[in-house]
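Peer 1: A predicted structure for the sequence below; I have some questions about it.
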Amino acid sequence: MKVLSYTKYIYLLVAALSIFKVIAVWQADGTVDYLFVAFTVVSLFMFFFRRHYEKKFQDYKKDNNDQ
(Lines give C-alpha, C1' and ligand atoms only; values in the text may rest on other atoms or scores of the structure.)
Protein backbone atom coordinates (compact mmCIF):
# COMPACT_ATOMS: atom_id res chain seq x y z
CA MET A 1 0.00 0.00 0.00
CA LYS A 2 2.98 2.31 0.43
CA VAL A 3 3.42 2.37 -3.36
CA LEU A 4 -0.01 3.94 -3.82
CA SER A 5 1.08 6.98 -1.84
CA TYR A 6 3.73 7.69 -4.48
CA THR A 7 1.46 7.39 -7.52
CA LYS A 8 0.13 10.90 -7.05
CA TYR A 9 3.59 12.19 -7.91
CA ILE A 10 3.40 10.45 -11.27
CA TYR A 11 0.56 12.83 -12.08
CA LEU A 12 2.85 15.77 -11.32
CA LEU A 13 5.48 14.28 -13.61
CA VAL A 14 2.95 13.91 -16.43
CA ALA A 15 1.81 17.50 -15.88
CA ALA A 16 5.39 18.81 -15.99
CA LEU A 17 6.19 16.87 -19.16
CA SER A 18 2.96 18.08 -20.77
CA ILE A 19 3.73 21.70 -19.91
CA PHE A 20 7.21 21.24 -21.39
CA LYS A 21 5.70 19.81 -24.58
CA VAL A 22 3.15 22.64 -24.87
CA ILE A 23 5.87 25.26 -24.48
CA ALA A 24 8.17 23.51 -26.96
CA VAL A 25 5.47 23.24 -29.63
CA TRP A 26 4.34 26.82 -29.02
CA GLN A 27 7.86 28.18 -29.44
CA ALA A 28 8.51 26.09 -32.55
CA ASP A 29 5.21 26.55 -34.42
CA GLY A 30 3.34 29.28 -32.58
CA THR A 31 0.39 26.93 -32.10
CA VAL A 32 -1.04 25.39 -28.97
CA ASP A 33 -1.29 21.62 -28.67
CA TYR A 34 -4.60 21.32 -26.84
CA LEU A 35 -4.19 17.60 -26.16
CA PHE A 36 -1.20 18.27 -23.93
CA VAL A 37 -2.97 21.20 -22.29
CA ALA A 38 -5.76 18.75 -21.43
CA PHE A 39 -3.18 16.26 -20.08
CA THR A 40 -1.81 19.03 -17.86
CA VAL A 41 -5.21 20.00 -16.50
CA VAL A 42 -6.32 16.41 -15.88
CA SER A 43 -3.00 15.45 -14.29
CA LEU A 44 -3.06 18.40 -11.91
CA PHE A 45 -6.69 17.66 -11.02
CA MET A 46 -5.86 14.02 -10.32
CA PHE A 47 -2.87 14.98 -8.17
CA PHE A 48 -4.93 17.25 -5.94
CA PHE A 49 -7.87 14.80 -5.92
CA ARG A 50 -5.69 11.88 -4.82
CA ARG A 51 -3.87 14.01 -2.24
CA HIS A 52 -7.18 15.17 -0.75
CA TYR A 53 -8.60 11.66 -0.46
CA GLU A 54 -5.35 10.24 0.86
CA LYS A 55 -5.46 12.76 3.71
CA LYS A 56 -9.11 11.93 4.39
CA PHE A 57 -8.30 8.22 4.46
CA GLN A 58 -5.36 8.76 6.83
CA ASP A 59 -7.55 10.83 9.17
CA TYR A 60 -10.25 8.16 9.07
CA LYS A 61 -7.70 5.45 9.76
CA LYS A 62 -6.20 7.44 12.64
CA ASP A 63 -9.62 8.09 14.19
CA ASN A 64 -10.56 4.41 14.03
CA ASN A 65 -7.27 3.30 15.58
CA ASP A 66 -7.81 5.60 18.58
CA GLN A 67 -11.04 3.84 19.54
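Peer 2: Sure, I can see it.

Peer 1: pLDDT below threshold where in the protein?
Peer 2: 1, 66-67 (pLDDT under 70).

Peer 1: and with 90 instead?
Peer 2: The model of the chain has pLDDT under 90 over residues 1-8, 54-55, 57-67.

Peer 1: pull the longest helix from it.
Peer 2: helix 34-66 (DSSP state H).

Peer 1: That one: which residues count as buried?
Peer 2: 36, 39-40, 43-44, 46-47, 50 (16 or more other C-beta atoms under 10 Å). From N, CA and C alone the C-beta is placed, and that goes for glycine too.

Peer 1: How far does that helix sit from its chain's centre?
Peer 2: On the basis of C-alpha atoms, centre = their mean, to the nearest Å, helix 34-66 sits 8 Å off its chain's mean C-alpha point.

Peer 1: Is the nearest residue to Leu44 once chain neighbours are set aside in a helix, a strand, or coil?
Peer 2: Leaving aside its sequence neighbours, Leu44 sits nearest to Ala15 (C-beta to C-beta, 6 or more residues apart in numbering; 5.1 Å). Put simply, Ala15 is helix when judged by DSSP: H, G, I helix; E, B strand; the rest coil.

Peer 1: show me the contacts for Ala15.
Peer 2: Taking C-beta atoms under 8 Å, 6 or more residues apart in numbering, we find Ala15 in contact with 39-40, 43-44, 47.

Peer 1: Ile23 versus that one, what's the distance?
Peer 2: Distance, Ala15 to Ile23, by C-beta to C-beta, to the nearest Å: 13 Å.
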